[in-house]
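Colleague: turn this into a model:
(one chain, ligands or ions: 1)
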Amino acid sequence: MSPETTAVHVVRFAPAKLNLTLAVTGRRADGFHALHSIMVPLTLGDALTVRIAGSNATCDSLRVSGLPVTSEPDNLVLRAIAGAREAVAIHHERSEAPPALLATLLSKRIPVAAGLGGGSSDAAAAIDAALGAWGVTLPAEALSSLAASLGSDVPFFQAGCGAVVTGRGENVEPLPAMVGTVAILLVTPRQPVSTAAVFRAYANGYRPSGDRALRISEELATQMRNDPSPRVLLERARDLALANDLIPAAVTTAPGLAGFTAMLGRILDRPVCQSGSGPTLWALYATLDEARGAARAVRQAIVDATLPLIGDGEPFVAATLLAGAVAPGVPENAPAGDVPAGNAGYGPDAARGPEVGHRLRTGRPATVQNWTNRRSRSGDATEKRLGPGTEPGGPGPDGPESGPRESS
Ligand code: C5P
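Modeller: Take a look at the predicted model:
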């Protein structure tokens, strides 16, 4: 919190997430639903830039570029910063000045209200970026409770790796990094879905009978703990399409989603899965090229009107990768310079990751470390100290038009 930090820009990458599975295992006393879900971060993500605000500022500010999102004060980014400031005040009683006001810039690439966790990821990134800008840390328990207070998915993003998530989302068991590439086609109908509305529909009986999703989720968790290879996922793709207990509730909440999903499955000729409470649909591919080919096929089907449009227009279509994977045969703690571009699961972005700044990951076992976040554990390597007025470029690894950018 020294005066010279006014020149610091802290940049954090906020990845989207996918629920490979999502089983609802009961209703909790606090009204939330208990879950068993395997969640993974993607290379598609938002970029958050935070700097100490100028002396004229009277409050924390947020500017948003890219996809539209509310910039009202209740945006999760500002709530996360406010929460972090409160926590710092509690844990740093003897500090002379309260944490400075912050100016934030959010470059939005994750569709909103889509089941991809964009808002929660932004919140986790904002906590970390704010602490970085202030030059302070918080105890692990304070970080965890702040995350959980902001949203059920925020603890997952704070962990920053593939995980088995239970409770309402607060119990995060990191999984070993995937060894090899897993590519994903994302198709998000332009029909925002409220998570609360989907859970309400679930509670009102729009749910599958039996425990198929839980069975698949538990089996896959065991497999991924023992054999974190793409093969495991690709072989179980058909099961994954059935392993989301929120599908009937999402279909009820988003009219047209069932027909859209069925037609997408026909166009892709492979199982189509739902992420979280929807409406994002996804399919697995062995390579990024295949996923890009599938994205082209979907765009053509939109042009041909084979794929029915639902909601407000054309869906968001992107080819992306599971983040945080390591290349086969290369030690997990290999230096960043050894990353063979295009070979790691993080793909072309692997070499760029630390440069643009990824979030600090705290409390993670070494087994889930990977190249992209290896340097961030030491703190400073993830922060750019730039001259005043310099805007770092957003990392945005994937885009609806181009897919992940190639490394230079
Ligand atoms: O925690 P989050 O803000 O993401 O949740 C949005 C809403 O979804 C909650 O208010 C709750 O109604 C519902 N929810 C739930 N059980 C969960 C997560 C969310 O019932 N595990």
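
Colleague: not counting sequence-adjacent ones, nearest residue to Ala201?
Modeller: Ala249 (3.7 Å; C-beta to C-beta, 6 or more residues apart in numbering). Using the backbone N, CA and C atoms, a C-beta is placed for each residue, glycine as well.

Colleague: hang on, isn't the one you found packed against Gly205?
Modeller: No. Applying C-beta atoms under 8 Å, one finds Ala249 not in contact with Gly205, separated by 9.1 Å.

Colleague: is the residue nearest to Ala201 within a helix or a strand, and which one?
Modeller: helix 247-253 (DSSP states H and E).

Colleague: for that helix, name the packing helices and strands.
Modeller: Other helices and strands packing on helix 247-253, by 3 or more C-beta pairs under 8 Å, 6 or more residues apart in numbering; DSSP states H and E, are helix 195-203, helix 257-268.

Colleague: list the contacts for the residue nearest to Ala201?
Modeller: Contacts for Ala249 (C-beta atoms under 8 Å, 6 or more residues apart in numbering) come out as Val198, Phe199, Arg200, Ala201, Tyr202, Tyr206, Arg207, Ser277.

Colleague: show me where the chain has strands.
Modeller: Along the chain, counting by DSSP state E, strands occupy 8-27, 33-52, 61-66, 102-108, 163-167, 171-174, 183-188, 273-274, 281-285, 316-321, 384-385.

Colleague: adding distance to the ligand, mean pLDDT and mean neighbour count, write the ones you listed out as TSV.
Modeller: Below are those laid out as TSV (distance: least, C-beta to the nearest ligand atom, whole Å; pLDDT from 0 to 100; neighbours: other C-beta atoms under 10 Å):
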stretch	distance to the ligand	mean pLDDT	mean neighbour count
strand 8-27	8	96	25
strand 33-52	4	98	26
strand 61-66	19	94	16
strand 102-108	18	96	23
strand 163-167	8	98	21
strand 171-174	11	98	18
strand 183-188	17	98	26
strand 273-274	15	98	26
strand 281-285	19	98	25
strand 316-321	20	98	26
strand 384-385	30	32	13
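
Colleague: could those strands be laid out in a markdown table, adding distance to Thr222?
Modeller: Listed next are those as a markdown table, based on distance: least, C-beta to C-beta, whole Å:
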| stretch | distance to Thr222 |
| --- | --- |
| strand 8-27 | 12 |
| strand 33-52 | 11 |
| strand 61-66 | 38 |
| strand 102-108 | 36 |
| strand 163-167 | 10 |
| strand 171-174 | 12 |
| strand 183-188 | 22 |
| strand 273-274 | 19 |
| strand 281-285 | 19 |
| strand 316-321 | 24 |
| strand 384-385 | 41 |
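
Colleague: quick check: which of those is nearest to Ala84?
Modeller: The closest approach between Ala84 and any of these, judged by C-beta to C-beta, belongs to strand 102-108 at 9.4 Å.

Colleague: in JSON lines, list the helices and strands packed on helix 247-253 along with mean pLDDT, mean neighbour count and distance to Ala305.
Modeller: Below are the helices and strands packed on helix 247-253 laid out as JSON lines (pLDDT from 0 to 100; neighbours: other C-beta atoms under 10 Å; distance: least, C-beta to C-beta, whole Å):
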{"stretch": "helix 195-203", "mean pLDDT": "98", "mean neighbour count": "18", "distance to Ala305": "28"}
{"stretch": "helix 257-268", "mean pLDDT": "98", "mean neighbour count": "18", "distance to Ala305": "11"}
